[in-house]
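Asks: give me a model of this one.
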Amino acid sequence: MEQILDSLRQFWEFTGFYNCSWQNLVMIAIGIAFITVAILKEWEPLLLVPIGFGMIIGNIPMFPGLNIGIYEDGSVLNTLYQGVRQGWYPPLIFLGIGAMTDFSALISQPRLILIGAAAQTGIFGAYLLSLALGFAPNEAGAIGIIGGADGPTAIFLSSKLAPDLMGAIAVSAYSYMALVPVIQRPIMIALTTKKERLIRMPKPRQVSQKEKIIFPIVGFLITAFIVPSGLPLLGMLFFGNLLKESGVTKRLANTASNALIDIVTTMIGLTVGCSTQADKFLTGNSLKIFVLGLVSFVIATTCGVLFVKLFNLFLKEGRKINPLIGNSGVSAVPDSARVSENVGKEFDPNNHLLMHAMGPNVAGVIGSAVAAGILLGFLG
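Replies: All right, here's what the predicted structure looks like:
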């Protein structure tokens, strides 16, 4: 009888009920909240559902030494997590983004790249604030990139500069990407007048196929020579776009923009979620990172809108830019461009801004990769 009781006691000590802490329950609840929001609100479900379920997986209490946890060398989850820690996944996602993105809006209106550049102010603003709060320079650089609203770039840079903070940085970046419509709309309305919101921009010129083919080659050469440290992201982004626009690699472009990016997005979301174990995630630094991420996102949106207003002072009537596309300078493609479109239609249902907003939006993708390269070059 005593042997049976000992066996039952040993079994009980192996269960999650025995090893559970309130911190585990908090993280599981957060994971369920992510999934709930993704399903009910449809806020970035392709990101929040994998991350949310990953949080649940990563916070199941377990007996130490079973070699199944994400931080235990040789476990299945640890092997999958190497794509995050070693920076394999983000360039593959950039390959898919390049293969599914049309750069025509930017090619036809090159001036819009300035909006994408202005929005990157949020990255460097958050960097300075992070330093002021006591983070080391490399940690501050990794935190600042959240302002670019680009999850893969945030993961790539934090894996190089601040691996210990990567879980909090990645979850923060993806959370604010999902909250783009909630965060940006009030800022856009507060900073613009009714007259500015009604500005109609001239229709973009037609872009030739030759221009579309030349752009990724020239764009890559320019950005890579300026910031060689951004090579993994920039190279894959422009390569993916060349696959799309060349016209002779449709199978490769379709694979990159569909199956490949879906698989990698699933893996990156799930493993990032798993990495948020309570003992590593529920810290004071994580709370600071979430606050700094929000601040950087607000700065990026504000700077994008205000830059357009300033730029308009030097433009003639008929050439002015609607400031409502200033928000799209952040890298959340195409969500921030859709916000420009939706807010614009609130005040003029016939004023379609999406085709214009995609210009600074794709410029923001390039800009965030360049900013990551700059930070990596200086702080790596």
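Asks: any idea how far C303 is from L191?
Replies: Distance, L191 to C303, by Cβ to Cβ, to the nearest Å: 10 Å. Where C-beta positions appear, they are placed from N, C-alpha and C, glycine not excepted.
Asks: ah, wrong one, I meant L243
Replies: Distance, L243 to C303, using Cβ to Cβ: 33 Å.
Asks: thought L106 was touching G359?
Replies: Yes: using Cβ atoms under 8 Å, L106 is in contact with G359, at 4.5 Å.
Asks: neighbour count: L191 and C303, which is higher?
Replies: Taking neighbours as other Cβ atoms under 10 Å, L191 and C303 compare with C303 leading, 22 against 19.
Asks: re earlier: the more surrounded of L106 and G359?
Replies: Per other Cβ under 10 Å, whichever of L106 and G359 has more neighbours is G359, with 28 against 25.
Asks: so the more buried one, which of the three states?
Replies: Counting by DSSP: H, G, I helix; E, B strand; the rest coil, the backbone at G359 sits in helix.
Asks: that one contacts T101, doesn't it?
Replies: No: using Cβ under 8 Å, G359 makes no contact with T101, being 11.5 Å away.
Asks: overlap of the contact sets of these two?
Replies: Counting by Cβ atoms under 8 Å, 6 or more residues apart in numbering, G359 and T101 have no shared contacts at all.
Asks: and the closest residue to T265 other than its chain neighbours, what is it in contact with?
Replies: Leaving aside its sequence neighbours, T265 sits nearest to L46 (Cβ to Cβ, 6 or more residues apart in numbering; 5.9 Å). Neighbour list for L46: D262, T265, G269 [criterion: Cβ under 8 Å, 6+ apart].
Asks: which SSE is L46 in?
Replies: Using DSSP states H and E, L46 maps to helix 45-58.
Asks: return the set of buried residues in that helix.
Replies: 45, 47-58 (16 or more other Cβ atoms under 10 Å).
Asks: any idea of the mean pLDDT in stretch 132-139?
Replies: The average pLDDT for stretch 132-139 rounds to 92.
Asks: list of residues touching it?
Replies: S130, L131, I143, L161, A162, L165, N285, K288, L292, L379, G380.
Asks: let's see that with 6 Å instead.
Replies: With contacts defined as Cβ atoms under 6 Å, 6 or more residues apart in numbering, stretch 132-139 is touched by L161, A162, L165, K288, L379.
Asks: repeat for stretch 5-16
Replies: By Cβ under 6 Å, 6+ apart, stretch 5-16 touches Y18, I60, P61, F63.
Asks: and E42, its phi and psi?
Replies: phi 60, psi 40 (degrees, to the nearest 10).
Asks: number of nearby residues for it?
Replies: Residues near E42, counting by other Cβ under 10 Å: 10.
Asks: OK, contacts around it?
Replies: With Cβ under 6 Å, 6+ apart, E42 has no contacts at all.
Asks: quick one, phi/psi of P202?
Replies: phi -60, psi 150.
Asks: I meant to write V227 there.
Replies: Backbone geometry at V227, expressed as degrees, to the nearest 10, gives phi -130, psi 80.
Asks: over to V333?
Replies: Note on V333: backbone dihedrals following degrees, to the nearest 10 are phi -90, psi 130.
Asks: from what I see, it and N361 are in contact.
Replies: Yes: V333 lies in contact with N361 (Cβ atoms under 6 Å); the separation is 5.2 Å.
Asks: out of these two, which sits in the more crowded spot?
Replies: N361 (32 against 20).
Asks: picking that back up, V264 versus the residue nearest to T265, what's the distance?
Replies: Using Cβ to Cβ, L46 is found at 11 Å from V264.
Asks: swap in T79?
Replies: 15 Å.
Asks: what do you get for K320?
Replies: Distance from K320 to V264, by Cβ to Cβ: 40 Å.
Asks: neighbour count: these two, which is higher?
Replies: V264 (22 against 19).
Asks: quick revisit: from the buried residues of helix 45-58, pick the one nearest L231.
Replies: Closest to L231 out of the buried residues of helix 45-58 is L47 (25.3 Å), distances taken as Cβ to Cβ.
Asks: hmm, G269 and the closest one touching each other?
Replies: Yes: the criterion here is Cβ under 6 Å, and L47 meets it with G269 at 5.5 Å.
Asks: now do the buried residues in the lengthiest helix in the chain.
Replies: Determined from DSSP state H, the single longest helix within the chain is helix 284-312. Across helix 284-312, burial judged by 16+ other Cβ under 10 Å covers 285-286, 288-290, 292-309, 311-312.
Asks: over to stretch 340-352?
Replies: Across stretch 340-352, burial judged by 16+ other Cβ under 10 Å covers S340, E341, V343, G344, N351, H352.
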